[in-house]
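Enquirer: The sequence isn't on hand, but the structure is:
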Ligand code: IVH
């Protein structure tokens with residue numbers, strides 16, 4: 001075979017074929033290595049392939065390929081890390097900022113579980129490490145991969161790098177057959193200082209340094225950066241580690257992981273707060289950054305009953321330390337226009353270090369905030385306004401955008417003047433209107449406003465939406481301003497990716513775009529012609545339509561067509577809803593003194609009934625606002641957005657470019673209640689209503705508030721009344737609580 005022939009004996013044609021084969025084999029080995037399921041060839045074989053490739057290239061320099069493996073540094077594929085889908089999602093945590101929030105957290109759990117306020121309830125409390133989370137999968141005691149959190153569902157494969165961390169064992173003794181250990185990779189403050197003093201680039205804080213070091217394509221660089229790891233949670237497991245959070249952590253410790261020594265078991269809120277104090281006191285001497293304390297229900301059976309909301313568990317919360325603050329000069333106030341037209345005032349600051357991060361921009365919220373009053377007209381900061389040139393206090397709490405908290409009027413410049421909020425859009429010159437009851441000025445330019453259009457596009461390609469690799473905010477701005485190949489709306493992204501010669505030629509002469517990167521970009525765009533309905537909905541950038549609502553809508557309607565049809569149908573009812581709202585507000589002002597609540601409702605009903613709204617419209621509307629997590633505000637926003645002719649035409653063009661809009665996965669297709677609509681009534685004795693509802697939904701059922709012909713089951717608890725009668729009339733199956741529990745598998 002030519003591939004075994006000495007290089008000197010190869011003909012030119014054989015050499016060319018050999019180089020192609022070698023490039024493919026080396027690329028494949030790189031991928032296998034970095035996705036680390038199982039490297040397919042040994043290091044020695046890999047080196048032999050590279051050597052042979054280099055030898056052939058030396059003998060036939062003109063045959064050297066554009067994607068020659070010898071041009072690639074180290075073994076890393078140039079396009080980054082392989083992706084890993086987490087078998088169990090990596091969650092984030094809800095936050096508590098004060099004792100009141102912690103009390104609410106505890107009370108909410110008790111309510112959900114039906115526990116009395118004085119029933120014993122134990123938590124595990126541990127420092128919240130300020131690093132980045134990592135999931136380590138072990139099978140039969142061997143590390144199979146290490147993956148970053150990513151978006152919680154898919155992370156990056158950083159196995160080679162994780163193995164350079166001394167606290168991450170490669171093999172375990174006595175572990176369950178499948179064990180995913182989760183925890184935080186961090187860098188100590190001392191190592192961070194040393195790295196910044198000696199390294200080429202400087203990092204803002206230890207967390208950035210840890211992230212930058214772990215996400216290195218060259219594991220040797222990671223090895224040279226001292227990282228540490230605390231284990232605090234787990235994902236996929238073939239058998240439970242223990243019955244409690246605390247004992248599970250001890251088990252992880254006995255398997256060789258480091259757990260945080262400040263972890264304690266606490267009985268009730270008072271004990272949690274006392275431990276919070278203790279950790280806050282210890283904080284300056286820990287040697288690593290922490291940004292709060294995490295509280296977790298200790299009993300794992302209770303954890304599993306509590307389950308999760310869309311991205312955070314109900315059984316845990318992060319109690320954050322107070323924000324870091326600093327004083328600096330406010331150089332100017334700029335107005336940014338967002339994708340929904342909202343004008344946001346941004347403070348341009350003389351750069352200042354706030355808790356380890358250099359801050360030069362901060363939000364000023366809105367006109368009222370700058371003027372020193374809240375949305376009800378009440379003074380904030382004792383009524384002190386904020387002016388350009390002022391000396392201001394900036395604060396950061398966790399990851400959120402820095403804010404301007406206060407102003408030192410004693411240091412105010414003598415010639416300063418109150419800030420006047422603009423009433424025209426700085427980007428398109430359209431009127432910027434502040435509606436009554438709204439604290440925000442909004443540009444009325446719609447898609448005509450370039451700022452709105454660009455922000456909408458940036459949102460469209462963002463992570464939770466179409467997430468197109470190689471097409472980020474920077475590229476969007478470039479293409480938006482491009483005369484030859486403009487992207488002005490989402491559909492343009494897909495027309496750009498048509499591989500016609502003209503497009504290719506126009507693109508290739510641009511900064512940073514060569515043959516390969518253009519081909520890759522087109523591929524990334526084409527990949528997204530098949531898109532989950534949830535991402536599509538979120539990507540449209542409709543006001544109030546966040547990721548959670550997008551999921552709820554997608555689950556409910558199942559397809560774009562069904563959703564669009566329902567929104568179109570509901571339009572007359574949405575308009576009536578707004579009219580009824582207006583009538584209600586007016587009547588409320590009139591009836592307030594007399595306390596005539598009934599009048600208010602009457603005024604509202606009168607608008608709905610005269611003349612009655614078309615029944616189909618009303619039904620479509622009721623169905624839409626009845627979706628858990630939707631509500632009238634979002635419903636109006638959705639219906640109105642789809643009813644704007646220009647916006648709708650733009651969405652339709654986009655839909656025309658897509659090949660497949662995939663419905664959300666049913667949450668648990670093997671459950672007997674998946675896809676069924678159920679209604680609970682009466683008093684349940686074995687779980688609370690909230691728990692019953694969450695359980696049902698997690699099994700893929702739809703929980704409705706009232707019985708209709710669409711109801712599949714009515715679960716009648718003790719003392720069920722009119723709903724049970726109605727269900728019987730409609731021929732809906734009525735079952736009791738025990739039958740329901742049997743149906744969902746106990
Ligand atoms: S538990 C199911 N415990 O905080 C809960 N998280 O804001 C999973 N973190 O993504 C997280 N220290 O990266 C947990 N002791 C700790 C933690 C911790 C730091 C991070 C983790 C998580 C983030 C949530």
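Expert: Great, that's in hand. Bear in mind that the values here come from a model prediction, so they are computed numbers and not experimental data.

Enquirer: residues contacting residue 432?
Expert: Contacts for residue 432 were tallied using Cβ atoms under 8 Å, 6 or more residues apart in numbering; they are 343, 422-425, 441-444. The C-beta positions use only the backbone N, C-alpha and C, and glycine is treated the same way.

Enquirer: List buried residues within these.
Expert: The neighbour-count test (16 or more other Cβ atoms under 10 Å) marks 343, 424-425, 441-443 as buried among the contacts of residue 432.

Enquirer: between these, which is closest to the ligand?
Expert: residue 343 (30.7 Å; Cβ to the nearest ligand atom).

Enquirer: What residues are bridge-paired with that closest one?
Expert: Beta-bridge pairing of residue 343 under DSSP bridges involves residue 337.

Enquirer: residue contacts, it?
Expert: 335-337, 421-422, 425-426, 432, 440-443.

Enquirer: at 6 Å instead, please
Expert: Each residue near residue 343 by Cβ atoms under 6 Å, 6 or more residues apart in numbering is listed here: 335, 337, 432, 441.

Enquirer: Identify the farthest-apart pair in those residues.
Expert: Pairwise distances across the contacts of residue 343 peak at 9.7 Å for 337 and 441 (criterion: Cβ to Cβ).

Enquirer: what about the helices in the stretch 401-550 of the chain?
Expert: 450-460, 473-480, 490-496, 501-508, 515-527, 533-539, 547-557 (DSSP state H, counting those that start in this stretch).

Enquirer: buried sites along the fourth one?
Expert: Within helix 501-508, the residues that qualify as buried by neighbour count (16+ other Cβ under 10 Å) are 503, 507.

Enquirer: any idea of the mean pLDDT for that helix?
Expert: Averaging pLDDT along helix 501-508 yields 73.

Enquirer: residues making contact with that helix?
Expert: 484-485, 513, 518.

Enquirer: Kindly reformat those as a markdown table and extend each row with distance to residue 157, pLDDT and neighbour count.
Expert: Listed next are the contacts of helix 501-508 as a markdown table, based on distance: Cβ to Cβ, whole Å; pLDDT from 0 to 100; neighbours: other Cβ atoms under 10 Å:
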| residue | distance to residue 157 | pLDDT | neighbour count |
| --- | --- | --- | --- |
| 484 | 38 | 78 | 12 |
| 485 | 34 | 80 | 15 |
| 513 | 27 | 76 | 18 |
| 518 | 26 | 84 | 20 |
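
Enquirer: out of those, who's nearest residue 617?
Expert: So of the contacts of helix 501-508, ranked by how close each gets to residue 617 (Cβ to Cβ), first place is residue 485, at 42.5 Å.

Enquirer: Quick check: the gap between residue 286 and residue 231.
Expert: According to Cβ to Cβ, to the nearest Å, residue 286 and residue 231 sit 17 Å apart.

Enquirer: the more surrounded of those two?
Expert: residue 231 (23 against 16; other Cβ atoms under 10 Å).

Enquirer: Help me confirm that the more buried one comes into contact with residue 182.
Expert: No - assessed by Cβ atoms under 6 Å, residue 231 is found out of contact with residue 182, at 7.2 Å.

Enquirer: any idea how far the residue in the stretch 451-600 of the chain that the ligand sits nearest to lies from residue 344?
Expert: Residue nearest to the ligand within the stretch 451-600 of the chain (Cβ to the nearest ligand atom): residue 463, separated by 15.4 Å. According to Cβ to Cβ, residue 463 and residue 344 sit 21 Å apart.
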